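Student: sequence first, then the predicted structure, then my questions.
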Amino acid sequence: MATPEPRQIDWASAQMEDGALTVELTGKGSKAWKARFENVQALLDTPHATWGEVRLNKSAVKVAGVQQGVEPELRHFLESVVLQANSDTQPETPEDDAETDDASEESDLDEQMTATFRAFAHHHQED
């Protein structure tokens, strides 16, 4: 049996709504992976004023209070947490979750920031 792909952030799925970023995760989640993600996040997440709480559910990461201009820094932070969680865990029983949020009207700022985060999908594919 092939080893499942490590989890990655699907930047093409990025959605900004009311200052909150939601990005989907690829790959299969597990309780161990989620626990490791949360532990790494707690270690790396120093107090800052540029974004708020980072929450993980089974299929996505949500970041509250994202301010314009912090997209590259937030991308680096989230990519680092996911990379470390991947390297520290072995896949367990998959837990699929088909949660999706239908976006209501977005403000111009949300649309601009959404486009910036989605552009990371193109950069990530070139890396």
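Tutor: That came through, no problem.

Student: may I have the longest strand seen in the chain as CSV, with CA atoms only?
Tutor: Secondary structure of the chain read by DSSP state E shows that its longest strand is strand 8-17. Taking C-alpha atoms only, strand 8-17 is exported to CSV below (Å, rounded to 0.1, in the frame of the first residue of the first chain):
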residue,chain,number,x,y,z
GLN,A,8,-0.3,20.6,2.1
ILE,A,9,-2.1,23.9,2.0
ASP,A,10,-4.2,24.3,-1.2
TRP,A,11,-3.6,28.1,-1.7
ALA,A,12,-5.9,28.0,-4.8
SER,A,13,-8.7,27.4,-2.3
ALA,A,14,-7.9,30.5,-0.3
GLN,A,15,-11.0,32.6,0.7
MET,A,16,-11.0,35.8,2.6
GLU,A,17,-14.3,36.8,4.3
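
Student: please save the CA atoms from the helix or strand just after that strand in PDB.
Tutor: Toward the C-terminal end, the helix or strand that comes next after strand 8-17 (DSSP states H and E) is strand 20-26. Extracted in PDB, the C-alpha atoms of strand 20-26 (Å, rounded to 0.1, in the frame of the first residue of the first chain):
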ATOM      1  CA  ALA A  20     -10.800  35.800   8.100                       C
ATOM      2  CA  LEU A  21      -8.700  33.500   5.800                       C
ATOM      3  CA  THR A  22      -9.800  29.900   5.100                       C
ATOM      4  CA  VAL A  23      -7.500  27.600   3.100                       C
ATOM      5  CA  GLU A  24      -8.200  23.900   2.400                       C
ATOM      6  CA  LEU A  25      -5.700  21.200   3.200                       C
ATOM      7  CA  THR A  26      -4.900  18.400   0.800                       C
END
